[in-house]
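Visitor: Okay, here's the prediction I keep looking at, along with the sequence it came from:
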Amino acid sequence: MKPVRDLPIEKLRHSLLDWYDAEGRDLPWRIRPEARAAGQIADPYAVWLSEIMLQQTTVPHATPYYFKFLDRWPSVHDLAAADEDEVLAAWAGLGYYARARNLIACARAVSAAGGVFPEAEKDLLALPGIGAYTAAAIRAAAFDLPASVVDGNVERVITRLCTIPEPVKTSKPEIRQIAAEIADPGRPGDYAQAIMDLGATVCTPRKPDCAGCPWSFACAARAEGHPEAYPVKAPKVAKPHKHAVGFAVFRGETIWLRKRPSRGLLGGMLEVPSTEWRTEKWSLTRARAAAPLDVQWAKRAIISHVFTHFSLEMAMWRAEAPTGWEPDEGGWHALGDVDQLALPSLMKKAVLGAL
C-alpha cells in the first residue's frame with residue numbers, strides 16, 4: 001500500500017481539475033467550472049434532490065425522475081406541500097422508498113425554516129435523510145464550500161490510488177482520511193464533482209481507462225498492472241431466500257390495494273396483501289388461513305424479486321370479491337392506473353402475475 005505521505009497531493013489536485021475542466025460531465029443539476037467562474041450559483045434544492053435520487057442508482061436512470069420532480073414540485077415549498085402518496089407514486093422505480101419518505105420530511109423541515117437549505121455540516125446532518133456523504137455533497141456542489149465527498153466511485157478511486165489491501169467495508173475510515181487530505185480547498189465544488197466523475201467515467205469497476213486517467217502517474221494499482229483487483233472484495237455472504245403467497249382481489253377491472261405500515265421495508269407504499277415473508281415454504285392450508293377472504297382462490301404465476309439483503313418468491317393467488325364485500329382498509333384501483341400508483345416494483349409484478 002502506498003503511504004499517504006508519498007502522494008504528490010498538489011499535482012493530484014491540479015491534474016484532476018485540469019481534466020475536469022476539459023472532460024467533466026454536463027449534468028442538469030451541476031454548475032460547470034466556467035459558469036461558476038462567471039458567478040453562476042447552484043440551486044441547493046436541485047442539488048439536494050439529485051443527491052437523494054443518486055444515492056442508490058445511476059445518472060441515466062435518475063435524470064428523468066429529477067426533471068419530473070422539478071416540473072411537478074419546482075421548489076422545496078411545493079414539495080413540502082405535496083401529498084405523500086403522490087410523491088411516493090412519482091418515486092416508484094427509484095427503489096429504497098425510505099428515501100422518498102425522508103425526502104418529504106426533509107422538504108417540510110426546510111420549508112418550515114424558511115425554505116433555505118443550511119450550509120453548515122451539522123445543520124445539514126440534522127435534516128431527515130441527509131448523512132455524511134450527502135451533507136458533504138451539498139456543501140461542495142451547492143455552496144462551493146470545503147468538503148470531502150466520498151461515494152462508491154470515490155472509494156474505488158482511492159483504493160486503487162493507494163492499493164488499500166482491505167475491503168471497503170473495513171477500510172472506510174482510512175479512505176475518508178486520504179480523500180480529505182487530497183480534496184482541493186481552493187475549488188471544493190469542482191473538485192468534488194471531478195473526483196466523482198473520475199470514478200464514474202474513467203476509473204470504472206471493469207476495464208478502467210488508465211490511459212485516459214489524470215491520476216495514472218501516481219496510481220499504485222496501475223503500477224501493479226491489475227487495477228481491477230481493487231477494491232478488494234469481501235467474502236460473499238449468501239442471501240436468505242424467502243417465500244410468500246400474495247392475494248389479489250379483483251372486482252371487474254379494479255383491484256384491491258392497501259397501504260403498508262409507514263415504517264419498514266416498502267413502508268407507506270401500496271401493496272397486494274400477502275402472507276408473512278419467511279424462509280419456509282407455505283403449505284396450502286397455512287396460506288389459506290392467512291388469506292384476507294374465505295373464498296375460492298385460483299393459483300396464478302409465481303413471481304421473483306431480489307432485495308438488497310434477501311430474495312423473495314411469491315406465489316400469486318387471485319379471487320373475485322364477493323358481491324357486497326368491502327375491505328376494512330385500502331381501496332379499489334383501476335387496473336389501467338397501476339403505473340401511476342405508489343406501487344413498488346415487487347407489487348407491480350404481483351399485480352401482473354395475478355392477471
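Guide: Cool, got the structure. Keep in mind it's a predicted model, so treat the numbers as computed, not measured.
Visitor: I'd like to know how far Phe143 sits from Tyr45.
Guide: When Cβ to Cβ, to the nearest Å is applied, the distance between Phe143 and Tyr45 equals 13 Å. (C-beta placed from N, C-alpha, C; glycine too.)
Visitor: In which helix or strand does Lys348 reside?
Guide: Lys348 belongs to helix 345-354 when elements are defined using DSSP states H and E.
Visitor: Below-threshold pLDDT in the stretch 51-200 of the chain: ranges please.
Guide: Under the criterion of pLDDT under 70, none of the stretch 51-200 of the chain is flagged as low confidence.
Visitor: Run through who's touching stretch 127-139.
Guide: Outside stretch 127-139, the residues that touch it by Cβ atoms under 8 Å, 6 or more residues apart in numbering are 44, 47-48, 51-52, 55, 98-99, 102-103, 105-106, 109-110, 117-119, 121, 124-125, 145-151, 188, 192.
Visitor: Keep only those of those that are in strands.
Guide: Among these, the subset assigned to strands under DSSP state E is empty.
Visitor: Derive a ChimeraX selection command for the buried subset of those.
Guide: Typed into ChimeraX, the next command selects the buried ones out of these (criterion: 16 or more other Cβ atoms under 10 Å):
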select :44,47,48,51,52,55,98,99,102,103,106,110,117,118,121,124,145,146,147,148,149,150,151,188,192
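Visitor: can you give me how far stretch 74-92 is from the chain middle?
Guide: Using Cα atoms, centre = their mean, to the nearest Å, we find the averaged C-alpha position of stretch 74-92 to lie 17 Å away from the chain's own average C-alpha position.
Visitor: For the residue lying closest to Gly353 once chain neighbours are set aside, grab phi and psi.
Guide: In this structure, Gly353 finds its nearest non-sequential neighbour in Ala301, 3.7 Å apart by Cβ to Cβ, 6 or more residues apart in numbering. Main-chain torsions, Ala301, degrees, to the nearest 10: phi -80, psi 160.
Visitor: and Ala301, how many neighbours?
Guide: Around Ala301 sit 16 other residues, with neighbours defined as other Cβ atoms under 10 Å.
Visitor: list the contacts for it?
Guide: With contact set as Cβ under 8 Å, 6+ apart, Ala301 has these partners: 316, 352-354.
Visitor: Roughly how far does Val306 sit from Thr57?
Guide: Val306 sits 15 Å away from Thr57, taking Cβ to Cβ as the criterion.
Visitor: for Ala126, same thing?
Guide: Relative to Thr57, Ala126 is positioned 25 Å away (Cβ to Cβ).
Visitor: out of those two, which sits in the busier spot?
Guide: Each of Ala126 and Thr57 has its neighbours counted (other Cβ under 10 Å); Thr57 has more, 15 against 12.
Visitor: Double-check that one against Trp91; I have them as touching.
Guide: No. Counting by Cβ atoms under 8 Å, no contact exists between Thr57 and Trp91, whose distance comes to 11.2 Å.
Visitor: List the buried residues for the one helix or strand Leu79 maps to?
Guide: Assigning secondary structure by DSSP H and E places Leu79 in helix 76-80. Of the residues in helix 76-80, those buried by neighbour count under the rule 16+ other Cβ under 10 Å are 76-77, 79-80.
Visitor: So which other helices or strands are in contact with it?
Guide: Based on contacts counted as 3 or more Cβ pairs under 8 Å, 6 or more residues apart in numbering; DSSP states H and E, the elements that helix 76-80 packs against are helix 98-112.
Visitor: can I get the CA coordinates of the helix it packs on in PDB?
Guide: What follows is the C-alpha trace of helix 98-112 in PDB, where atoms were taken according to Å, rounded to 0.1, in the frame of the first residue of the first chain:
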ATOM      1  CA  ALA A  98     -37.400   5.200   2.900                       C
ATOM      2  CA  ARG A  99     -35.500   7.800   0.900                       C
ATOM      3  CA  ALA A 100     -38.800   9.100  -0.600                       C
ATOM      4  CA  ARG A 101     -40.300   9.400   2.900                       C
ATOM      5  CA  ASN A 102     -37.200  11.200   4.200                       C
ATOM      6  CA  LEU A 103     -37.400  13.400   1.100                       C
ATOM      7  CA  ILE A 104     -40.800  14.600   2.100                       C
ATOM      8  CA  ALA A 105     -39.800  15.000   5.700                       C
ATOM      9  CA  CYS A 106     -36.700  17.000   4.800                       C
ATOM     10  CA  ALA A 107     -38.600  19.300   2.400                       C
ATOM     11  CA  ARG A 108     -41.100  20.000   5.100                       C
ATOM     12  CA  ALA A 109     -38.400  20.800   7.700                       C
ATOM     13  CA  VAL A 110     -36.500  23.100   5.300                       C
ATOM     14  CA  SER A 111     -39.800  24.800   4.200                       C
ATOM     15  CA  ALA A 112     -40.800  25.400   7.800                       C
END
